[in-house]
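Participant: My questions are about this predicted structure, shown below with the sequence.
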There are 2 protein chains.
Amino acid sequence: MHVRASGRRPTLRRAILLLCLLFAAASAGLGLGGSGDRSGEARADSSDTARDVVFAIHGGAGGLTRESLPPELEEQYRAALRQALEAGYAVIQRGDEATDAVKAAVVTMEDNPLFNAGKGAVFTTDAKHELDASIMDGDTLDTGAVTGVEHIKNPIQLADTVRTDSRHMLFAGYGAELFAMNRGFKLVTQDYFFTDNRWRSLLAAKAGRSEFNFGLGTVGAVALDGESDLAAGTSTGGLTNKPTGRIGDSPVIGAGTYANNDTVAVSATGTGEFFIRQVVAHDISALIDYAGMSVRRAAETAIDKVGDLGGDGGVIALGRRGQLAMPFNTTSMFRGWVTRDGQFVVKIFGDE
Amino acid sequence: MHVRASGRRPTLRRAILLLCLLFAAASAGLGLGGSGDRSGEARADSSDTARDVVFAIHGGAGGLTRESLPPELEEQYRAALRQALEAGYAVIQRGDEATDAVKAAVVTMEDNPLFNAGKGAVFTTDAKHELDASIMDGDTLDTGAVTGVEHIKNPIQLADTVRTDSRHMLFAGYGAELFAMNRGFKLVTQDYFFTDNRWRSLLAAKAGRSEFNFGLGTVGAVALDGESDLAAGTSTGGLTNKPTGRIGDSPVIGAGTYANNDTVAVSATGTGEFFIRQVVAHDISALIDYAGMSVRRAAETAIDKVGDLGGDGGVIALGRRGQLAMPFNTTSMFRGWVTRDGQFVVKIFGDE
């Protein structure tokens, strides 16, 4: 079956549905059917590295293969990743802060239904959307995060407002939305987040076809600005069919997001429970800081530790000299980066 | 004014009221009135160390002095700390797991209205109780945590059930309580948590007398069992007058709680926002693991970093050979430990 990449909605919907079914099948085939059956033998299957990088993103690690992703849909993803990179790079180029670049890129991915964040977020088991996001400034170590928000169009913007406009660091659910209203955010209703493919994913999960489908489509960004300040941010809808109130690693500073000018900026994606247990993002920073590892070796070590516990996923890690590492132990991770002189790279599969 | 330590409620209530007023006054005097005015010059003012420890607890770091704590109330606190130590030590002595010892001790402090956890938890700005807890097994790195629960008598027990009986690690609010109901927990109504002194603390905070009164009375425990397994747990009501939905470090694995047999078990108490930013509990583990520091030096370094950002509080940190460190940069931390051969030590002030 071929899907034309036209802008017409029925075609897009069919494409998304196809992706959903393919992913459900891929998940089942990859043995992602439960927490108990993980072999623990996963290692970082792939690890891009690059130099002189000022901005990088991911759109989630997962089980996609060249065979399972229709070419037209692949092009849509590549275009969306490029758009996010351009948004972040524009901020860096005009001399604004790393946190602003992170925010700008993550917003484009939250607004794009292809990704599991903002519009297009997955459904909880109670057929709702509960969104998580966090951001950290590597210069000040200021952080902001929200979890379980249901009516915020761009959770990364709310997380950043927590960072800049609150003495607190982390807000959940109704309280996060009260804070948002007090800060002038316009709330959206749950139908804003609806997409047909996520709805079908939920039904598939409930039918037992992909019980513990992990965060394909979690989005994140890391940035290095003209002041040599680092920042990192992550946004997600979590897991399809997740229990109400379940929190993964994305809003947890140290697990899904961490930035420190002394070491590295990190955004993670994958089976969040394992990233929480390994405190992955901070562990990468600590391996650089205390064990003297390179960004690459620290990031690969952390992903290997996640694999040792049986977890899947990847990170993007950017050091202050522009050294980028992107290890993941899945077959795919939507990802891309921009170098200081404006070279754009976008990748999806592990073998490219 | 003298307060008799009889069991009669009016006397106890008066004692608690007195403590509340004294603490409000102490807080104001210590300049805890806002996040903007912290000088950042706090260092670890005190750091107990001990050897051959198998169990240790804290009941919160704070601004208490010998002058501000009535002797009768001091005795009540010392008795409560002793009771918690006995509960934990009994579990270790009968050969059960470190996580069970942590749970047993934390439950006694959650049930005791003297502490800011379970019964006696502080009020949010919306005059509610929102409780957080977490626990981690240093052997398996399994974790469980809950945040913003409102109807759970012993949040540490729910956190532990998340650890043992869920593929997820962290649940918030309503979803955490749905999980609890599904696992047979009996829910309590909010009035269960009510204490007169916390109510008056809320009114005092709203009157501007202690705006950002930090977590005096957060409770935590670290344990080393007969299998040489470590565990750590923390439980809290958070900050008096905290905004609805605000989450501190206590339920955040890596910030308020962390345990790893390779390094250390840690439970933290203090201004949680700073402990989140510094990923304190995991940082102590990383300093031991990657920088080769002793438990004591790692714990003191982490508390100094919190102080550098302007945060207040302390940690209890227990290594696998029974080496205990308890640094804090406040004038007091309710704390105690038991050695392998049954020696009990209970302390409150920094200068004892």
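Facilitator: Sure, I can see it.

Participant: so A:Gly59, which of the three states?
Facilitator: What DSSP: H, G, I helix; E, B strand; the rest coil gives for A:Gly59 is strand.

Participant: That one reaches A:Arg82, doesn't it?
Facilitator: No - with contacts defined as C-beta atoms under 8 Å, A:Gly59 does not count as touching A:Arg82, sitting 11.2 Å away. (Each C-beta comes from the backbone N, C-alpha and C, glycine too.)

Participant: quick one: which of those two has more around it?
Facilitator: A:Gly59 (29 against 16; other C-beta atoms under 10 Å in any protein chain shown).

Participant: quick one: that one and chain B, what's the gap?
Facilitator: According to C-beta to the nearest C-beta, to the nearest Å, A:Gly59 and chain B sit 23 Å apart.

Participant: Equivalent analysis for A:Gly350, please.
Facilitator: 26 Å.

Participant: how about the strands of the stretch 1-150 of chain A, start to end?
Facilitator: A:46-50, A:53-62, A:131-137, A:143-149 (DSSP state E, counting those that start in this stretch).

Participant: what angle do the second one and strand A:46-50 make?
Facilitator: It stands for strand A:53-62. With axes from the mean of the first three to the mean of the last three C-alpha atoms, to 10 degrees defining the directions, strand A:53-62 sits at 170 degrees from strand A:46-50.

Participant: One more: the third one?
Facilitator: Computed by the same axes, to 10 degrees, the angle separating strand A:131-137 from strand A:46-50 equals 40 degrees.

Participant: buried sites along strand A:131-137?
Facilitator: A:Leu131, A:Asp132, A:Ala133, A:Ser134, A:Ile135, A:Met136, A:Asp137 (16 or more other C-beta atoms under 10 Å in any protein chain shown).

Participant: I figured the fifth one hits A:Ala231, correct?
Facilitator: It stands for A:Ile135. Yes - taking C-beta under 8 Å as the definition, A:Ile135 is a contact partner of A:Ala231 at 6.9 Å.

Participant: Now do the shared contacts for those two.
Facilitator: A:Thr99, A:Val102 (C-beta atoms under 8 Å, 6 or more residues apart in numbering or on different chains).

Participant: Let's test this: mean pLDDT of the helix or strand harbouring A:Lys347, rounded?
Facilitator: If you go by DSSP states H and E, A:Lys347 is part of strand A:344-349. Throughout strand A:344-349, pLDDT has a mean value of 97.

Participant: same thing with stretch A:54-63?
Facilitator: On average, the pLDDT along stretch A:54-63 is 94.

Participant: quick one: that stretch to chain centroid distance?
Facilitator: How far stretch A:54-63 lies from its chain's middle: 6 Å, per C-alpha atoms, centre = their mean, to the nearest Å.

Participant: Give me every residue in the stretch 151-300 of chain A lying close to chain B.
Facilitator: Contact residues, the stretch 151-300 of chain A versus chain B (C-beta under 8 Å from any C-beta of the partner chain): A:167-176, A:178-179, A:212, A:242-248, A:252-255, A:258, A:272-273, A:276-279, A:282-283, A:286-287, A:289-291.

Participant: Tell me the buried residues in the top helix by length along chain A?
Facilitator: Looking across chain A with DSSP state H, the single longest helix is helix A:71-93. Counting neighbours by 16+ other C-beta under 10 Å, one finds that the buried residues in helix A:71-93 are A:72-74, A:76-77, A:80-82, A:84-93.

Participant: Contacts made by stretch A:135-145 with the rest, please.
Facilitator: By C-beta under 8 Å, 6+ apart, stretch A:135-145 touches A:97-99, A:102-103, A:132-134, A:156, A:158-164, A:166, A:169-171, A:227, A:229-234, A:251-253, A:257-261, A:265, B:276-278, B:309.

Participant: How far does that stretch sit from its chain's centre?
Facilitator: A distance of 17 Å separates the centroid of the chain from that of stretch A:135-145, by C-alpha atoms, centre = their mean.

Participant: And the buried residues of strand A:131-137, which is closest to chain B?
Facilitator: Among these, A:Met136 lies closest to chain B (C-beta to the nearest C-beta), at 8.2 Å.

Participant: Please name the bridge partners of the closest one.
Facilitator: A:Thr143, A:Ala232 (DSSP bridges).

Participant: hang on, the earlier thing: among the contacts of stretch A:135-145, name the ones in helices.
Facilitator: Per DSSP H, the contacts of stretch A:135-145 map to helices at A:98-99, A:102-103, A:156, A:158-164, B:276-277, B:309.

Participant: of the residues you listed, buried ones?
Facilitator: A:98-99, A:102-103, A:156, A:158-163, B:276-277, B:309.

Participant: can those residues go into TSV with extra columns for pLDDT and distance to A:Asp126?
Facilitator: TSV is the format used below for these (pLDDT from 0 to 100; distance: C-beta to C-beta, whole Å):
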residue	pLDDT	distance to A:Asp126
A:Ala98	98	37
A:Thr99	98	33
A:Val102	98	30
A:Lys103	98	29
A:Ile156	98	24
A:Leu158	98	22
A:Ala159	98	23
A:Asp160	98	28
A:Thr161	98	27
A:Val162	98	25
A:Arg163	98	29
B:Ile276	97	28
B:Arg277	96	33
B:Leu309	93	38
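
Participant: looking at it, A:Ala105 is touching A:Ile57, isn't it?
Facilitator: Yes - using C-beta under 8 Å, A:Ala105 makes contact with A:Ile57 at a distance of 5.5 Å.

Participant: what touches both of those two?
Facilitator: Contacts common to A:Ala105 and A:Ile57, judged by C-beta under 8 Å, 6+ apart, are A:Ala84, A:Leu85, A:Gly88, A:Ala221.

Participant: can I get those in CSV with distance to B:Ser47?
Facilitator: Output for the shared contacts of A:Ala105 and A:Ile57, formatted as CSV (distance: C-beta to C-beta, whole Å):
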residue, distance to B:Ser47
A:Ala84, 47
A:Leu85, 48
A:Gly88, 44
A:Ala221, 40
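
Participant: wait, what's in contact with the nearest residue to A:Leu187 once chain neighbours are set aside?
Facilitator: Distance criterion C-beta to C-beta, 6 or more residues apart in numbering or on different chains; nearest residue to A:Leu187, sequence neighbours excluded, is A:His151 at 4.0 Å. By C-beta under 8 Å, 6+ apart, the contact list for A:His151 reads A:Glu177, A:Leu187, A:Val188, A:Thr189, A:Gln190.

Participant: out of those, which is most surrounded?
Facilitator: Counting by other C-beta under 10 Å, top hit in the contacts of A:His151: A:Glu177 with 22 neighbours.

Participant: Run me through the strand neighbours of the strand holding A:Lys347, direction for each.
Facilitator: strand A:332-339 (antiparallel).

Participant: Now the strand it pairs with - C-alpha only, PDB.
Facilitator: Extracted C-alpha coordinates of strand A:332-339, given in PDB (Å, rounded to 0.1, in the frame of the first residue of the first chain):
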ATOM      1  CA  SER A 332      15.100   3.800  15.300                       C
ATOM      2  CA  MET A 333      15.300   7.300  16.900                       C
ATOM      3  CA  PHE A 334      13.900  10.300  15.100                       C
ATOM      4  CA  ARG A 335      16.800  12.800  15.500                       C
ATOM      5  CA  GLY A 336      18.700  15.600  14.000                       C
ATOM      6  CA  TRP A 337      21.200  18.300  14.600                       C
ATOM      7  CA  VAL A 338      22.600  21.600  13.300                       C
ATOM      8  CA  THR A 339      26.200  22.600  13.400                       C
END
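
Participant: quick check, distance from it to the centre of its chain.
Facilitator: How far strand A:332-339 lies from its chain's middle: 11 Å, per C-alpha atoms, centre = their mean.
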